[in-house]
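Student: When you get a sec, could you give me coordinates for this:
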Amino acid sequence: MRVVVVGCGRVGSELASLLSREGNEVAVIDKSAAALQRLAMDWGGKGVVGFGFDRDALEEAGIAEADALAAVTNGDNSNILTARIARETYQVPNVVARIYDPRRAVIYRRLGIPTVATVTWTVDQVVRRLLPERTVTEWTSPAGGVVLIERAVPDAWVGAKLDDLEVPGHVKLVALSRAGKTGLSKPGLLGQEGDMLYISVVEDELAGLEQRLERGPRQ
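Tutor: Numbers count the residues shown, from 1 in each chain. Presented below is the predicted three-dimensional model:
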């Protein structure tokens, strides 16, 4: 896969190195030549000095043939502009932008641009450890409508059939983490203390799902 990474800070350099080690063809763009020195010594990709929203820099990085682009600079506006150019001008199929202001996430999703909100992600990681019974959103579809949540199994579901959480077409138990191992859900699973559930749900059904989680299985 051909990937363009815009921004060679701590996130961009680690991302580029990881993708390269996995056998992908990676090009990195950064406005600072010194920033490109962050890349690992054995990194075999291409470095381009320039701005991610500059089409000359993008084309030098091979955007026309790219399968994916990640805009991970320190500027929200630059990341979104870069992502829009990649998506709308060069029709790159997989695009993601890093943002610091989570309030903008909804706007960007409406534009069809998946985002990773740094502040929100950090807060979620802390909260899920402080309050394991709290529901945490892991993923939201770019156009909205469907989310994937993480939730510790409530006491009311310990020993109960987890199939009863599901509502066809609306709620689906996708995976379950138990005793340090995560696997896809199987019919007939019974909840155990310490389980972590990963549930795909239509956004309009979130409130109903929360009620079922707290109330327990159907009688």
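
Student: pLDDT below threshold where in this structure?
Tutor: In the predicted model of the chain, residues 105-106, 109-110, 112, 117-138, 142-143, 218-219 satisfy pLDDT under 70.

Student: how about the strands of it, start to end?
Tutor: Here the chain has its strands, by DSSP state E, at 2-6, 25-30, 46-49, 68-71, 94-99, 115-117, 136-140, 146-152, 171-178, 181-184, 196-202.

Student: closest to residue 60 out of the ones you listed?
Tutor: For residue 60, the closest of those is strand 46-49, at 5.0 Å, according to CB to CB. The way it works is simple: take the backbone N, C-alpha and C, and place the C-beta from them, glycine included.

Student: What strands line up against that closest one, and which way round?
Tutor: Strand 46-49 sits in its sheet next to strand 25-30 (parallel), going by DSSP bridges.

Student: Show me which positions of the strand it pairs with end up buried.
Tutor: 25-30 (16 or more other CB atoms under 10 Å).

Student: And the furthest pair within the residues you listed?
Tutor: Across the buried residues of strand 25-30, no pair lies farther apart than 25 and 30, at 17.8 Å, counting by CB to CB.

Student: If you drop the residues flanking it in sequence, what lies closest to residue 116?
Tutor: Distance criterion CB to CB, 6 or more residues apart in numbering; nearest residue to residue 116, sequence neighbours excluded, is residue 98 at 5.1 Å.

Student: What residue, apart from its backbone neighbours, is nearest residue 55 spatially?
Tutor: residue 85 is the one closest to residue 55 (CB to CB, 6+ apart), at 7.0 Å.

Student: how deep is that neighbour tucked in, by neighbour count?
Tutor: Residues lying near residue 85 (other CB atoms under 10 Å) number 20.

Student: got a list of what residue 5 touches?
Tutor: Shown in contact with residue 5 (CB atoms under 8 Å, 6 or more residues apart in numbering): 12, 15-16, 19, 26-29, 69-70, 72.

Student: hmm, 6 Å instead?
Tutor: If you count contacts by CB atoms under 6 Å, 6 or more residues apart in numbering, residue 5 has them with 12, 15-16, 28, 70.

Student: ok, it to residue 71 distance?
Tutor: For residue 5, the distance to residue 71 equals 8 Å [CB to CB, to the nearest Å].

Student: residues contacting residue 176?
Tutor: Per CB under 6 Å, 6+ apart, neighbours of residue 176: 185, 195, 197.

Student: out of those, who's nearest residue 151?
Tutor: Out of the contacts of residue 176, the member with the shortest distance to residue 151 (by CB to CB) is residue 197, at 5.0 Å.

Student: Tell me what the closest one is bridged to.
Tutor: residue 151, residue 176.

Student: Hmm, it is touching residue 151, no?
Tutor: Yes. Look at residue 197 against residue 151 with CB atoms under 6 Å: they come within range, at 5.0 Å.
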